[in-house]
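Peer 1: Fold the following.
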Amino acid sequence: MAVSDLIQELESTKEPSRETDARIALTFGWQRRVEVAEGATKSRKVSWIHPESGENRLPAFTFSVDAALELLDLVAKKSHGGVSWVVNEAGVTCTVKVNEGPYYHAATPALAICVAALSLKGAELRDF
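Peer 2: So this is what the prediction gives:
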């Protein structure tokens, strides 16, 4: 999936998703490992390895502002910015600005931060 497709998905969704978290993680270099154990019953264990720390977990990027900021830190270390939101008859629109860059929009602060991080990653990869 192209980074631009993932950004469009995040901009149009209203809710967080673990499936989307997994696609974001793969884009940012997390490694997915699957171990299958045979025995009385067959079991399957999935591990997600952080690209820098090697930590074994898949953050909830689309659910949590803290996890989204962890993602942002991978492409914009020591960044600054802000989040705002508007509630009206159309629903909620959150806006994020990172450093001196453009404004990014989504339905929740975590989703908007993910859009910003993916936009920066896409520019880095030239995958738009």
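
Peer 1: Tell me what Ser43 is bridged to.
Peer 2: Ala37 (DSSP bridges).

Peer 1: Distance of it relative to Arg32?
Peer 2: Distance, Ser43 to Arg32, using C-beta to C-beta, to the nearest Å: 17 Å. C-betas here are computed from N, CA, C, even on glycine.

Peer 1: what's the answer for Glu124, then?
Peer 2: Counting by C-beta to C-beta, the gap from Glu124 to Arg32 is 21 Å.

Peer 1: got the contact list for Gly82?
Peer 2: Residues near Gly82 by C-beta atoms under 8 Å, 6 or more residues apart in numbering: Val96, Lys97.

Peer 1: So, low pLDDT: which residues of this structure?
Peer 2: Scanning the chain for pLDDT under 70 picks out 1, 127-128.

Peer 1: just the strands in it please.
Peer 2: 31-37, 43-49, 81-88, 91-98, 103-106 (DSSP state E).

Peer 1: Please list the outside residues in contact with the second one.
Peer 2: Taking contacts as C-beta under 8 Å, 6+ apart, the residues outside strand 43-49 that touch it are 22, 25, 30-37, 55-58.

Peer 1: For Ala107, state which of those residues is nearest.
Peer 2: Nearest to Ala107, judged by C-beta to C-beta, of the contacts of strand 43-49 is Ala22 at 19.4 Å.

Peer 1: what separates the closest one from Val92, distance-wise?
Peer 2: From Ala22 to Val92 the distance is 25 Å (C-beta to C-beta).

Peer 1: again, but for Leu74
Peer 2: 26 Å.

Peer 1: which phi and psi does Thr41 have?
Peer 2: As for Thr41, its main-chain torsions (degrees, to the nearest 10) stand at phi -130, psi 150.

Peer 1: Leu111 versus that one, what's the distance?
Peer 2: 37 Å.

Peer 1: Those two: who's more crowded?
Peer 2: Leu111 (29 against 6; other C-beta atoms under 10 Å).
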